[in-house]
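here is a sequence with its predicted model. Questions after.
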Amino acid sequence: MSPEGPTGDRSKEKAPAGSKAGDAPSAGEHVTSRGRWPEWARRPGPMVVMGLAYVVAMSAIMGARRVPLTPDYLLLLLVPVLLLSARFSRVAGDWMPFASMVLAYEAMRALVQGDGIAPQVTALADAEIWIFAGHDPNQVLQQAVSGSALHLLAVAATVVYFCHFAVPPVVGLALWITDRTQYLRFVTALFGMCMAAFALFVLVPTAPPWYAAQHGALRGVTDLIVSQHTLPGFLSQSYSSLDPNPTAAFPSLHAAFPILGWLALRRVYPRGSWILFGWALLVFLSVVFLGEHYVIDVAAGVALAAAAWSVMMRLVVPRVAVLRAGRDGRPHAEDTHA
């Protein structure tokens, strides 16, 4: 049975025993608006589709007007959809972690530049070559194609690479509209995962393959985003602000974000979540091909996401009541025995 049940106008529904008509919705309820929307539009499924369509359309308009789609702009794009779905106070409270992560990501540049810690350049390169019996996957992929095929693939991989910023808020939107409890689990796990990764980036900065190649630690690897001119001119000028920390390779958050999103979506969208898993595989291939990450970085990102979700479901959820509530406001049966 599909999880996309109607939300309707709850002011006309019978209140659960022990509650009052004016009580605030529980953590597990849908958060779709109570306005006079058509019946089909009050279902979480159409709300998710309309929200995603709006974000895609506005992103295309911003691209046509040469406005870089940075994380802060992306959050601003989501505000109208969120406000149509719930009251301002709930939007502000539930989405504050995303704003915090954007600020933390932007703050990393100043921290890394001022901490005086030299990045690890040769360690990961040597480990990668040892694991793959003297071969470097970055070099193998980049030298497998040439000419116009190389340029086209590099452009496609660049598009996938820069969609990295969009994955968490889009997954969050789909969960928030459909099942707020699962959204809270996802955003809590995401926040903890990012803070752990940020701390590692600051304390143990690690260089990507293209950086290692520029410093003589690898051969035959280039930064395809730069060498193939895969970004339009106006975006090339903003490249440094779009990717502010060049020595944050291990673990790969490009790999961690879609995997964590897939794990969170599986309960709510059992079949649809596999689309995100397929996207994750495409991300893995793209970041290695572009020379932005080693395979080791990708594997570490996957492990980080799996660990963050496991900690959430096994340790945090059983101890935090608001994270145990189902969409009907009652605890999930399987969570009460976690």
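Everything's here; your move.

from here on, contacts and neighbour counts on C-alpha atoms
Fine.

which residues touch residue 292?
If you count contacts by C-alpha atoms under 8 Å, 6 or more residues apart in numbering, residue 292 has them with 208, 209, 210, 223, 249.

please redo it, this time with the cut-off set to 10 Å
Contacts of residue 292 were listed using C-alpha atoms under 10 Å, 6 or more residues apart in numbering, and they are 138, 161, 207-211, 222-225, 246, 248-249, 252, 254, 286.

do you know the pLDDT at residue 121?
In the prediction, the pLDDT value recorded for residue 121 is 87.

just checking, it touches residue 216?
Yes - under the criterion of C-alpha atoms under 10 Å, residue 121 makes contact with residue 216 at 9.4 Å.

for those two, indicate the residue with more neighbours.
Counting neighbours by other C-alpha atoms under 10 Å for residue 121 and for residue 216 shows that residue 121 has the greater number, 21 against 11.

phi, psi of residue 248?
Recorded main-chain torsions at residue 248 are phi -130, psi 50, according to degrees, to the nearest 10.

that one against residue 198, yeah?
Yes - contact between residue 248 and residue 198 holds when scored by C-alpha under 10 Å: they sit 8.3 Å apart.

the two: who's more crowded?
Neighbour count, other C-alpha under 10 Å: between residue 248 and residue 198, residue 248 has more, with 26 against 21.

now residue 301: how far from residue 185?
Counting by C-alpha to C-alpha, to the nearest Å, the gap between residue 301 and residue 185 amounts to 19 Å.

equivalent analysis for residue 119, please.
With C-alpha to C-alpha as the criterion, residue 119 and residue 185 are 33 Å apart.

with residue 309 instead?
In this structure, residue 309 and residue 185 are 8 Å apart, going by C-alpha to C-alpha.

can you check residue 231 too?
Distance from residue 231 to residue 185, counting by C-alpha to C-alpha: 35 Å.

the more surrounded of the two?
The neighbour comparison of residue 231 against residue 185 (other C-alpha under 10 Å) goes to residue 185, with 21 against 17.

for the more buried one, list the residues it contacts.
If you count contacts by C-alpha under 10 Å, 6+ apart, residue 185 has them with 175, 191, 264, 309, 312, 313, 316, 317, 322, 323, 324.

which one of the residues you listed is nearest to residue 131?
Distance from residue 131 was checked for each of the contacts of residue 185 by C-alpha to C-alpha. The minimum falls on residue 309, at 27.4 Å.

for the closest one, the count of nearby residues, please.
Residue 309 has 24 nearby residues by other C-alpha under 10 Å.

from residue 165, how far out is it?
Applying C-alpha to C-alpha, the value for residue 309 to residue 165 is 19 Å.

please apply the same query to residue 153.
Counting by C-alpha to C-alpha, the separation of residue 153 from residue 165 is 20 Å.

before we move on, what about residue 192?
Using C-alpha to C-alpha, we find residue 192 at a distance of 17 Å from residue 165.

can you check the pLDDT for residue 150?
92.

contacting residues around the closest residue to it other than its chain neighbours?
Leaving aside its sequence neighbours, residue 150 sits nearest to residue 142 (C-alpha to C-alpha, 6 or more residues apart in numbering; 7.7 Å). Taking C-alpha under 10 Å, 6+ apart as the contact definition, residue 142 lies against 150, 153, 154, 220, 221, 222, 224, 288, 289, 290, 291.

quickly check the residues you listed for the two that are furthest apart.
Within the contacts of residue 142, two members stand farthest from each other by C-alpha to C-alpha: 153 and 220, at 17.3 Å.

neighbour count winner among these two?
Under the criterion of other C-alpha under 10 Å, the comparison of residue 153 against residue 220 puts residue 153 first, with 20 against 12.

for that one, give me its contacts.
With the criterion set at C-alpha under 10 Å, 6+ apart, residue 153 makes contact with 142, 145, 146, 159, 224, 228, 230, 286, 289, 290.

now swap in residue 277 and tell me
For residue 277, the residues meeting the contact criterion (C-alpha under 10 Å, 6+ apart) are 258, 259, 260, 261, 262, 263, 283.
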